[in-house]
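1. With the sequence up front, the predicted model follows.
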Amino acid sequence: MKLYGYGTTPNPRKVKIVLAEKGIDYEMIEVDLYKGEHRSSEFIKMNPSGKVPVLETDDGKYLTESIAICRYLEALHPEPNLFGTDAYELGLIEMRNRQIETELWSQIGTSWKNGPVVEKMGHRVVPEAKEISDANVYAYYERLNAELAETEYLVAGRFTIADVTLITGVDFAIHNCALNPAESLENLWRWHKLITSRDSVDALA
Ligand SMILES: N[C@@H](CCC(=O)N[C@@H](CS)C(=O)NCC(=O)O)C(=O)O
């Protein structure tokens, strides 16, 4: 299979981590977002939303949306399990993953879209929106730190897709939005060290 992505961008990174966890071979195809390659007519045929990642399956079909791609990979290669093994776990892991997407990723996204890098690209930014989303991200870090006092991993007592969504979001926030968790958030940093020490995550930072 082929994965279309770009550098360390966070949505393709989720898929790369899952591919590595499951030991799946694939060909990486870089789509230069800064050159606008994701808006070419060829790319739009694969993904009308004009975004990476896109997965091209071995039989030449296309899938987009990082988590949808990860679900496909889990169905093809069930081990190690990342999405849940019974009805309750499936619900629980989905719940936590959705919370990270809707409550944290959305705020990081707002900070990115209204931050200095995007402004330099010539887009209109709203500094007040960034102020609010930055505060929301810092508040969510506090919440995570409190929750991770009780558990090693985010949910289900083991590494799951929710950890993948969280690490890619937090690393993007740190490296691209200057949204660093405070050093005093020891549980969050312990979790960060635990997750980034995995071969699948470490190699793809
Ligand atoms: N919901 C999509 C989001 C994909 C997405 O926003 N990808 C970013 C890179 S991380 C992208 O392609 N950005 C280019 C653009 O929006 O123009 C997913 O989970 O795959």
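-> Received, thanks.
2. Please, where are all the strands along this protein?
-> 2-5, 27-30, 54-56, 62-64 (DSSP state E).
3. Report the distance from the third one to the chain centre.
-> Right, the one you point to is strand 54-56. Mean-position distance between strand 54-56 and its chain equals 16 Å (C-alpha atoms, centre = their mean, to the nearest Å).
4. Any part of that strand near the ligand?
-> No. Between strand 54-56 and the ligand, judged by C-beta under 6 Å from any ligand atom, nothing touches; the nearest distance is 8.7 Å. For glycine as for every other residue, the C-beta is placed from the backbone atoms N, C-alpha and C.
5. in its sheet, what does that strand sit against?
-> Partners of strand 54-56 in the sheet, by DSSP bridges, are strand 2-5 (antiparallel), strand 62-64 (antiparallel).
6. Looking at the ones you listed, which one is packed in the most?
-> Each of the strands paired with strand 54-56 was scored by mean neighbour count; the highest is strand 2-5, a mean of 20, by mean count of other C-beta atoms under 10 Å.
7. State the mean pLDDT of that one.
-> Taken as a whole, strand 2-5 has an average pLDDT of 98.
8. got a list of what the nearest residue to residue 23 once chain neighbours are set aside touches?
-> Among residues not flanking residue 23 along the chain, residue 77 sits closest, at 7.7 Å (C-beta to C-beta, 6 or more residues apart in numbering). Neighbouring residues of residue 77 by C-beta atoms under 8 Å, 6 or more residues apart in numbering: 22-24.
9. cool, and residue 157?
-> So residue 157 contacts residue 151 (C-beta under 8 Å, 6+ apart).
10. at 10 Å instead, please
-> The contact partners of residue 157, by C-beta atoms under 10 Å, 6 or more residues apart in numbering, come to 89, 151.
11. now swap in residue 170 and tell me
-> Per C-beta under 10 Å, 6+ apart, neighbours of residue 170: 10, 100, 104-105, 108, 137, 140-141, 144, 179-181, 188, 191-192, 195-196.
12. Mark which of the residues you listed are buried, thanks.
-> 10, 100, 104-105, 108, 137, 140-141, 144, 179, 181, 188, 191-192, 195 (16 or more other C-beta atoms under 10 Å).
13. tell me, which of those residues make contact with the ligand?
-> The residues of the buried ones among the contacts of residue 170 that also fall near the ligand, by C-beta under 6 Å from any ligand atom, are residue 10.
14. To residue 94, which of the strands of the chain lies closest?
-> Minimum separation from residue 94 across the strands of the chain (C-beta to C-beta) falls at strand 62-64, 18.3 Å.
15. any idea how far that closest one is from the chain center?
-> 17 Å.
16. Then stretch 184-203?
-> Remark: stretch 184-203 is offset 14 Å from the chain centroid, using C-alpha atoms, centre = their mean.
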